[in-house]
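K.L.:
whatever this is, show me its structure:
(2 chains)
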Amino acid sequence: MRPTIVLVGADKGGVGKTTLSRALLDYLGRKNVLARAFDTEHPRGTLRRFYPAITEVVDFTNVADQMKVLDTLDTANVRVTLVDLRAGNLILTLDMLDRIGALEAARNGQFDIGLFHVIGPAIASLDEIAEIASYVNGIDYIIARNFINETNFFEWDQQTHKKYFARQSTGNQFDIPRLNEMAYEQVDLANVTFKDFVDNRNGDGTPAKFSFVLRGYVRKWCNDLYSELDGLNLLQELTTGRPLAEQSAA
Amino acid sequence: MKPLRPSAAFHLVCSDKPRNGKTLYARLLAEYLSLCHRHPAVFDASSGICEFHIARCTPVDLSSPAGQMALFDRALELPVRDYVVDVAAHLLRVASGVMKTIGYAEAARTQGLAVVVHFLVDRTLDSLVAALTVRSEIDPARLIAIRNEWVTPPFVEPAALRRYGELAKEGEIVIPPIDRRSIEGIEDEAFSFADFARAPERVAYFRRQDIRAFLARVYEQFDALGLAREFRDYREERRLREPG
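P.N.:
Numbers count the residues shown, from 1 in each chain, chains lettered A, B, ... in the order given. Here you go, the predicted structure:
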């Protein structure tokens, strides 16, 4: 099975990019898919706080760190390499990958690349979809709409909505459900994964004393989000271990 | 985790409509349990019951996660006592939704706490449907149908009668009518049913007789349903009754 790079990017901060990265690592863990992660929010790195054992903080504008990620795909002993891109660096990263031939290598089948593009409801965020179109041709490109602040992504304006979303198939876009703010903050404060919070465990595996109410909200959010992820072509292939064409034939 | 045999109950008093005697019923229940030495913790999610002479009464805002935690988490942390929660009609969907989302009834059951819903039905078919929906969402150990005779006469229309019959299978309480002057007396914030039961001579004779008859009728029904001692779980029977 070919290694897969999962990129998680957004044009601006605060749209839920790292939250989605955390959820993806949780999801893959539940499905027994081995993964490692690189957090490009160098030097701080939020993702590493939750997944210290499998996350390294890198500077993706630095060639040595690019080599650390891309030159070890075959030797890393994990199926998935997740890269949480620094906010605002999506186009720069795609341009870099294009220049070094990584996108072409993915199109030729040397490995797989999937891009989760997290978008907020602002037009600037939506415009980025058009801006990166030429880069994502031939790779798995997934739009993740994050419904924060009761937004609805211009569903009330069919022309605008169609302009941005009409081309995406249902297997390549999904909605990140809304999570209660207090529940989210508690998980954040606890420094644990979503799974550990729901299971009422600390990061070291010892029993915790998290609120049952907030655990319930997080559990529901995870279940709703994972139902969305189950419908994505890229993740179906990763979790079943079979190419998509084979699944359709079966 | 294997559920413990229930030793206490989480009584949720609710309705889909306001002003049908829900807070009065919650007071009756809370004070009855006190008289039976069960000393429940009372939570007011209705801006109502705490205004009366009720011991251990705490206001709580169920529309906020903080309020939900203050109630639901607390009951799970201390499942050895009874709880009575008076929920405002406009918060019914919130309370029911949260309890369904977090799987509260099942979690309570594993801690030995039986969730009992007391639903005051109003006079419409919609109210009966709302009650059945709440039962399906919360999946309590037991749902008791409450009908206040001042507000809701017995159902006669076949569809309503059938639904009410389905609802009342696990228990029914009828709040009997009472003289208007006595209503004014019991709705006084200083009035306590428990204090009245201990020292009825403080109330004028004719009202005393009226209130005494009213309380006897209500407490008789509470006794018959075993509210202070029996925490039977009707969920398995309910599943067998449901079609499909």
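K.L.:
pretty sure B:Val13 sits in a helix.
P.N.:
No. Counting by DSSP: H, G, I helix; E, B strand; the rest coil, B:Val13 falls outside a helix, being strand.
K.L.:
hmm, it is touching B:Arg27, no?
P.N.:
No. With contacts counted by CB atoms under 8 Å, B:Val13 stays clear of B:Arg27, the gap being 9.4 Å. For glycine as for every other residue, the C-beta is placed from the backbone atoms N, C-alpha and C.
K.L.:
what's the closest non-adjacent residue to the residue in chain B that chain A sits nearest to?
P.N.:
Nearest residue of chain B to chain A (CB to the nearest CB) works out as B:Ile102 at 2.5 Å. What sits nearest to B:Ile102 in space, not counting adjacent residues and going by CB to CB, 6 or more residues apart in numbering or on different chains, is A:Gly216, at 2.5 Å.
K.L.:
for the one you found, what are its contacts?
P.N.:
For A:Gly216, the contact set (CB atoms under 8 Å, 6 or more residues apart in numbering or on different chains) comprises B:98, B:101-104.
K.L.:
swap in B:Ile173?
P.N.:
B:Ile173 touches B:25, B:118, B:144-147, B:218, B:221-222, B:225, counting by CB under 8 Å, 6+ apart.
K.L.:
go again with 7 Å.
P.N.:
Neighbouring residues of B:Ile173 by CB atoms under 7 Å, 6 or more residues apart in numbering or on different chains: B:144, B:146, B:221.
K.L.:
now, these that are in strands?
P.N.:
Under the assignment DSSP state E, those contribute B:144, B:146 to strands.
K.L.:
what's near enough to touch the residue of chain B closest to chain A?
P.N.:
B:Ile102 touches A:212-213, A:216-217, counting by CB under 7 Å, 6+ apart.
K.L.:
looking at these, spot the one nearest chain B.
P.N.:
Of these, the one sitting nearest to chain B (CB to the nearest CB) turns out to be A:Gly216, at 2.5 Å.
K.L.:
that closest one and A:Leu179: what is the separation?
P.N.:
A:Gly216 sits 12 Å away from A:Leu179 when distances are taken as CB to CB, to the nearest Å.
K.L.:
contact partners of the lengthiest strand in chain B?
P.N.:
Taking DSSP E as the criterion, chain B has its longest strand at strand B:113-121. Where contact means CB under 7 Å, 6+ apart, the residues beyond strand B:113-121 that reach it are B:6, B:8-15, B:20-22, B:25, B:29, B:75, B:79, B:104-105, B:108, B:127-128, B:131, B:134-135, B:138, B:140-148, B:152, B:164, B:231, B:233.
K.L.:
and the contacts of the helix or strand harbouring A:Val187?
P.N.:
Per DSSP states H and E: A:Val187 is located in helix A:181-190. Helix A:181-190 has contacts (CB under 7 Å, 6+ apart) with A:194, A:197, A:210-211, A:214, A:217-218, B:65-66.
K.L.:
where exactly do the helices run in the chain?
P.N.:
Defaulting to chain A. Using DSSP state H, the helices of chain A run over A:17-30, A:47-50, A:63-70, A:90-99, A:102-107, A:123-131, A:133-136, A:158-165, A:181-190, A:194-198, A:212-230, A:233-240, A:244-249.
K.L.:
that was the other one, I meant chain B.
P.N.:
Under DSSP H, chain B gives helices at B:22-35, B:65-68, B:74-77, B:92-102, B:104-110, B:125-138, B:158-167, B:180-186, B:193-198, B:205-225, B:235-241.
K.L.:
so which bits of the longest one are buried?
P.N.:
When neighbours are counted by 16 or more other CB atoms under 10 Å in any protein chain shown, the buried residues of helix B:205-225 are found to be B:207-208, B:210-211, B:214-215, B:218-219, B:221-222, B:225.
K.L.:
just give me the least confident of those.
P.N.:
Among those, B:Arg207 has the lowest pLDDT, at 86.
K.L.:
that older thread, so which of the helices of chain B is the most packed in?
P.N.:
helix B:22-35 (a mean of 24; mean count of other CB atoms under 10 Å in any protein chain shown).
K.L.:
what's the mean pLDDT across that one?
P.N.:
Mean predicted lDDT for helix B:22-35 stands at 94.
K.L.:
chain center to it: distance?
P.N.:
8 Å (CA atoms, centre = their mean, to the nearest Å).
K.L.:
in chain A, which helix or strand is least confident?
P.N.:
helix A:244-249 (a mean of 51; mean pLDDT, DSSP states H and E).
K.L.:
and for chain B?
P.N.:
helix B:193-198 (a mean of 84).
K.L.:
quick one: low-confidence parts of the chain?
P.N.:
This is for chain A. A:122-126, A:148-171, A:242-250 (pLDDT under 70).
K.L.:
that answer is for a different chain, and I need it for chain B
P.N.:
Checking chain B against pLDDT under 70 turns up B:1-3, B:243-244.
K.L.:
quick one, the longest strand of chain B and helix B:22-35 angle?
P.N.:
140 degrees (axes from the mean of the first three to the mean of the last three CA atoms, to 10 degrees).
K.L.:
strands paired with strand B:113-121, and their directions?
P.N.:
strand B:8-14 (parallel), strand B:142-148 (parallel) (DSSP bridges).
K.L.:
pick the most deeply packed of the ones you listed.
P.N.:
strand B:8-14 (a mean of 26).
K.L.:
between that one and helix B:125-138, how big is the angle?
P.N.:
Using the same axes, to 10 degrees: strand B:8-14 against helix B:125-138 is 150 degrees.
K.L.:
contact partners for B:Glu106?
P.N.:
Contacts of B:Glu106 (CB under 7 Å, 6+ apart): none.
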